[in-house]
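Colleague: model this:
(2 chains)
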Amino acid sequence: MLICAVCVGLIGLLPLKLWAAEDDAKQLFKEANQCYQDGKFNDALERYKKLESLGYQSGALYYNMGNTYYKLGAIGYAILYYERAAKLIGNDEDLIANLELARMRTKDRIQELPPFLLESIVERWLGIFSLTGVAVGTVVAFYLLMAIAIARLQKLPLNPTLMQVGFYVTLVITLFFAITFGAKSYHDAQRAEAIVVSPTLNLKSEPKDEAKTILTVHDGLKVSIMRQLGEWLEVRLPNGDKGWAKSTDIAQI
Amino acid sequence: MIQHQKSMHVFHRKWHEPLETFWHGVRCYVLFVALIALPVIGMAQDISVRASVTEPVVTVGEPFEYVIEIQGSVNVESVQMAKVPRVEKQGESQSTSVSIVNGKVSQSRIISYTLVATSEGKLTIPAATVKVEGKLYQTNPVELTVVKAAAQAQNGSAVSGNSYSDLVFIKPVVSKTKLYVGEATTVTYKLYERADISNVVVEKDVKPEGFWVEEIDLQQGRSSVPHTTEFLNGALYRVYTVKKMVLFPTRAGILTNGTYKLNCDALLTKIKQQRGRTLLEDFDAFFGTLGKKVKIDVVAPEIKFEVMPLPEPKPLGFSGAVGKYTLSATLDKSKVKAGQPITFRFTVAGEGNIAAVLPIQLDLPEGFEKYEPKVEENISRHGGVVSGTKTTEYVVIPRVGGKFEIEPVSFSFFDPEKGEYKTLLSPRFEIEVEGEAIVSAATPMADRQTLAKTGGDIRFIKTQDDLKYRPVPIYQSVWFYSSFLLPLAALLFVLVRKQQQEKLQNNVALARAYRASPEAKKRLKLASELLKQNKQKEFFAELEQTLVKFIGNKFNTDDLALTKEELRSLLQEKKVAPATVEKCLKILEKSEYYRYAPTSQTQDDLNAVLHDAEQVISELSEHPTSS
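Modeller: Numbering: from 1, shown residues only, chains lettered A, B, ... in the order given. Coordinates of the predicted model:
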C-alpha cells in the first residue's frame, strides 16, 4: 500500500516539477532572444549556454546560439552550433542559409574528396528524411502490414488479389523504412564529426606537442574524428589528410 | 672551362712579362743601386754561406758553374778556394742583390766560378773559406759526378725536356690523394728552375675530369710572380708557384687530373759562350739578351686520386656539402601585423665545396605566403682554401593572425676529417602575427558574389520555444520499440487461433466432439420452434436426429447406423451414467413411438420430452469425450 502511494505520488509530482522547470526554461529562452534582439550578444549567449547546460535542446536553441556566436565573430563555434541544429532541423531554410554564410567566412578552402558514387547516393537518400519521420513511417507501415496479414489470415471477405498485392507493397514499404531508419540511426550515432574551434590549429603528425606540424587549419573547419588517444584526437580533413589535434581545439558536433 | 683558360691566358701574360722585367730589374739594381747603396747598408744580419753547382752531373770538358752564395751581407772581402784536382778554373763572376721587403733588408752576394772537369768520376769540391765583414765562413763541400763526353752527346743533340730536367722541372704538390667525394684537395704546381727561363707558356693545361675546380689566383694583384729559392740535390733553384687549384671530386673512383705541360725558353749556353767574348757580347750577356735560347718542354705527370664515396646512410636533406660549416639563422621581426613582410635569412658558412650547398628549405605553416628565396653565394679562395658563405633569404608575408612556431631548418654536411655526417639545426622561431587577415586574394570570386547577394549577414534567430529536456534520440526510445508490440501481439493471437482451428479440422473426432454441443443446441432450438408450430412428427424426428447425431459426434461414430441397442452398449462402454443412458433411450423410444402414432400429445408432455433431451445433451456434453 505504502509503495503504491509513493508511486502515485511520484507519478503525480514528476510532471508538475518538469512543467515548472520547462516554464522557467521558456522564460530564459525568451530573455535570451530579447538580449539578442537588443544587440547584447554576450548576455544572450550566457543565457543560451545556461539553457544548454541545464540539459535543454532544440533546433531553435542551437540555431540561435550559432547566430549569437556568428555575431560575436566566433565562426568556429557558430558553425559548431549550426551543425548541431542541423541534426535536429536539417531542412530549415534559415539554418541552411546561415550555415552557408558562416562557412564562407572560414579561412580554409579545402577541396573535398569526391565521394564514391554509392556513398553520395546513400548520403543524399539519408538526407531526405528526418529521423522522426522515418521512425513514424516505419511504425505506420508496420501496423498496416500487420493489419493486412491478420485480414488475410481471417479470410475476411475482401478482394484476394488486392489483398495480396497490398500485402507485398506494404511489406516493401516497411522494409524500406526500417532499413532507412537503421542506417540513419547508425549514421548519426557512428559519425563523429567535429568543428575546429581554436583560431589556428596545427595538426601534428603524432599525438605529442613536439611532433612535426603537418598542416595548419583554422576555426570552422569540419573534420571527422577517427580515434582518440588521451587528450589527442586523430582527425581527418575533408580532403582525406589526417593529423592529430588536442581535444580542446575541436568540438564534437 | 672557358673561364679557366681565359684566366690562364691572363696569367701567362702577367707572368712572363714581369718575369723578364724582374731579371732586368735585378741586374739594374745590382748595377746602379747596389753599388751606390752598398756601403750604406750592410750590417746587422745573420750571415750564411753556401756553395753549390748548377749541375750535379757534368760532362768532361764542359764548363759548369760553381756558386758561392753569401746571404746577409754583400761585403765580401775575399774568397779562398782550395785547389781542386782534375778541375780547371775558367772564369769568375759576381752579382749582388739587395731587396727590401716590408722594411726588412735582405742582401746577398753570389760569386760564381766557371769550372771545367778534366776527367770523369766522382768529384768533390772542398769547402771554400769566405771572409765576410772580417769574419771567416766555411762553405759546404759539393759533390758532383763527371761523365764521359760521348754519353752526354746523345742527349745534348736532342733538345728535349729530359736533358734539362735538372735545370727546369715541375713538382706537383698535392695535399690529399685519398679523399671523399666533395672533399677539397689542393694541387700546387711548382716550377723549379736555375736556367734563367723566360717566355713560359702553358702548352697543355690540366684536365681534371670528375672534379669541380677552384682556381687560385696566384697574382693576387701583384705585378710579378714571387719566387723563393730552394736547395735541391745540392743545387740552388728558383721556385715559382705556377699553378694552384683546389679540386673537389664530384664522383667516386680513381680520378686523374691530366698532365700539365709548360714550355719555356732557357738560356743554357751562357756559360759556354763566356770564353773569349767581346765587350759588347759581355754587355749583352749581362742584360740577358745574349746566349743561346733553348725551348724546353716541362711536363708534370698526372696525379691519381682515389676518391671514396660518401658513407651511407646519408642523413635526410643531405645535398652533398662536404667540409666544415656553420649555420646561422636570423629573423628580422618576431612580432608583425598580418600582411607585413618578414625576412628569414639562413647562412651556411665554412670551408668546402660551398657551391654544392643547396639553398636552405624553409617550411612554413599554413597562412604564410612564401616567395622565391634570394640566394647569395660568396666564395673566397684566399690562401689556397676555398671557403665562403651561402645565404638563403626568404621574404614571407603572414596572412592570418595568431601565434606560430616555425619548424627549425636543418643543414647536413659531411665532415671528412672526422668521417661523419653532421646536421645543424636552426633555432625554433616564434612569430606573433597580429590582427585578422586582409581578405586573401585567394578567395574565389564566386564566394564574394554570394556574400554580396545575401548582404553578408545572417538571418534572424528563431523564437519558437520547443525546448526539450534531455531528449532521447528516437532510436534509443522505449516508446518506439514498444509500439511494434501491439500489432505483433494481434498477429500472434490470430495465428494461434487459426492454428487451433486447423488442428480441429485435422482431427475429426475432436472436431465432432467440439462441434457436438453447439450443433445439438442449435437443433434443439429448431425442434422447439417445430413444437411451437404444433408439428409433432417433425418435432420428434428432429429430436431423435439431434440426439443420435449428438451422440455420434460426441463419440465419433457413424450416427446414422445406430440402433437403440448399439447406442446403449456404446454409452455403457463410454461409461456414461446409467440414469442418463436410460433417459436417453426413453426419449428415443418416445419419439419413435410418437412419430408413427397418430395420437397427439399435450403440449406439456412434449415440452417435458424436450426438456429431457436438453438435459441428456447437457449431461453428455460434460462427459469426457474419451476416457
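
Colleague: Please, which helix or strand holds the residue of the stretch 501-627 of chain B found nearest chain A?
Modeller: Using C-beta to the nearest C-beta, the point where the stretch 501-627 of chain B gets nearest to chain A is B:Q501, with a distance of 10.3 Å. Every C-beta, even on glycine, is put in place using the N, C-alpha and C of the backbone. Assigned by DSSP states H and E, B:Q501 belongs to helix B:485-506.

Colleague: who touches that helix?
Modeller: Here helix B:485-506 makes contact (C-beta atoms under 8 Å, 6 or more residues apart in numbering or on different chains) with A:142-143, A:145-147, A:149-150, A:153-154, B:510-511, B:514.

Colleague: likewise stretch B:188-195?
Modeller: B:54, B:164, B:167-174, B:200, B:230, B:232, B:235-244, B:260, B:262, B:264, B:266-268, B:296, B:298, B:300, B:384.

Colleague: Going through those residues, which ones are buried?
Modeller: Using 16 or more other C-beta atoms under 10 Å in any protein chain shown as the burial test, those include B:54, B:164, B:167-170, B:172, B:200, B:235-237, B:239-244, B:260, B:262, B:264, B:266-268, B:296, B:298, B:300, B:384 as buried.

Colleague: I'd like to know which of the residues you listed are part of strands.
Modeller: Within those, residues falling in strands by DSSP state E are B:168-170, B:172, B:200, B:235-237, B:239-244, B:260, B:262, B:264, B:266-267, B:296, B:298, B:300.

Colleague: pLDDT below threshold where in the stretch 501-627 of chain B?
Modeller: The stretch 501-627 of chain B contains residues with pLDDT under 70 at B:505, B:558-562, B:598-601, B:625-627.

Colleague: For residue 99, give me its contacts.
Modeller: I'll assume chain A. Neighbours of A:L99 in contact, by C-beta under 8 Å, 6+ apart: A:66, A:79, A:82-83, A:86.

Colleague: wrong chain, I was asking about chain B
Modeller: With C-beta under 8 Å, 6+ apart, B:S99 has these contacts: B:105-107.

Colleague: ok, of these, which come out buried?
Modeller: So, by 16+ other C-beta under 10 Å, the buried ones in the contacts of B:S99 are B:Q107.

Colleague: out of the contacts of B:S99, which are inside helices?
Modeller: Among the contacts of B:S99, no residue falls in helices (DSSP state H).

Colleague: Other residues contacting stretch B:617-627?
Modeller: Residues outside stretch B:617-627 that contact it (C-beta under 8 Å, 6+ apart) are B:509-510, B:513, B:516-517, B:520-521, B:524, B:546-547, B:550-551, B:554-555, B:574-577, B:580, B:584.

Colleague: Can you get me a residue count around residue 95?
Modeller: Assuming you mean chain A. A:L95: 24 surrounding residues under other C-beta atoms under 10 Å in any protein chain shown.

Colleague: Wait, chain B was what I had in mind.
Modeller: B:S95 sits with 19 neighbouring residues when counted by other C-beta under 10 Å.

Colleague: Quick check: it touching B:I110?
Modeller: Yes. Judged on C-beta atoms under 8 Å, B:S95 makes contact with B:I110 at a distance of 4.9 Å.

Colleague: quick one, strands of the stretch 101-250 of chain B?
Modeller: B:104-117, B:121-125, B:129-132, B:135-138, B:142-147, B:168-174, B:178-180, B:185-193, B:198-204, B:211-215, B:227-232, B:235-249 (DSSP state E, counting those that start in this stretch).

Colleague: Include distance to A:E231 and mean pLDDT when you put these into JSON lines, please.
Modeller: Below are the strands of the stretch 101-250 of chain B laid out as JSON lines (distance: least, C-beta to C-beta, whole Å; pLDDT from 0 to 100):
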{"stretch": "strand B:104-117", "distance to A:E231": "76", "mean pLDDT": "80"}
{"stretch": "strand B:121-125", "distance to A:E231": "95", "mean pLDDT": "82"}
{"stretch": "strand B:129-132", "distance to A:E231": "92", "mean pLDDT": "84"}
{"stretch": "strand B:135-138", "distance to A:E231": "91", "mean pLDDT": "84"}
{"stretch": "strand B:142-147", "distance to A:E231": "90", "mean pLDDT": "82"}
{"stretch": "strand B:168-174", "distance to A:E231": "62", "mean pLDDT": "83"}
{"stretch": "strand B:178-180", "distance to A:E231": "48", "mean pLDDT": "85"}
{"stretch": "strand B:185-193", "distance to A:E231": "56", "mean pLDDT": "84"}
{"stretch": "strand B:198-204", "distance to A:E231": "73", "mean pLDDT": "76"}
{"stretch": "strand B:211-215", "distance to A:E231": "53", "mean pLDDT": "82"}
{"stretch": "strand B:227-232", "distance to A:E231": "74", "mean pLDDT": "77"}
{"stretch": "strand B:235-249", "distance to A:E231": "52", "mean pLDDT": "82"}
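
Colleague: in the stretch 1-150 of chain A, what spans have low per-residue confidence?
Modeller: A:1-20, A:113, A:115.

Colleague: What residue in it comes nearest to chain B?
Modeller: Closest point on the stretch 1-150 of chain A to chain B, by C-beta to the nearest C-beta, is A:M146, at 3.4 Å.

Colleague: after whichever helix or strand A:V217 is part of, next one along is what?
Modeller: In the assignment (DSSP H and E), A:V217 maps to strand A:213-218. Downstream of strand A:213-218, the next assigned helix or strand under DSSP H and E is strand A:222-229.

Colleague: The following helix or strand past that following strand pairs with which strands?
Modeller: Once the chain leaves strand A:222-229, the next helix or strand it forms, by DSSP H and E, is strand A:232-236. Strand A:232-236 sits in its sheet next to strand A:222-229 (antiparallel), strand A:242-246 (antiparallel), going by DSSP bridges.

Colleague: Show me what the helix or strand just after the shortest one is packed up against.
Modeller: The element immediately downstream of strand A:242-246 (helix or strand, assigned by DSSP H and E) is strand A:250-252. Packing partners of strand A:250-252 (3 or more C-beta pairs under 8 Å, 6 or more residues apart in numbering or on different chains; DSSP states H and E): helix A:75-88, strand A:193-196, strand A:222-229.
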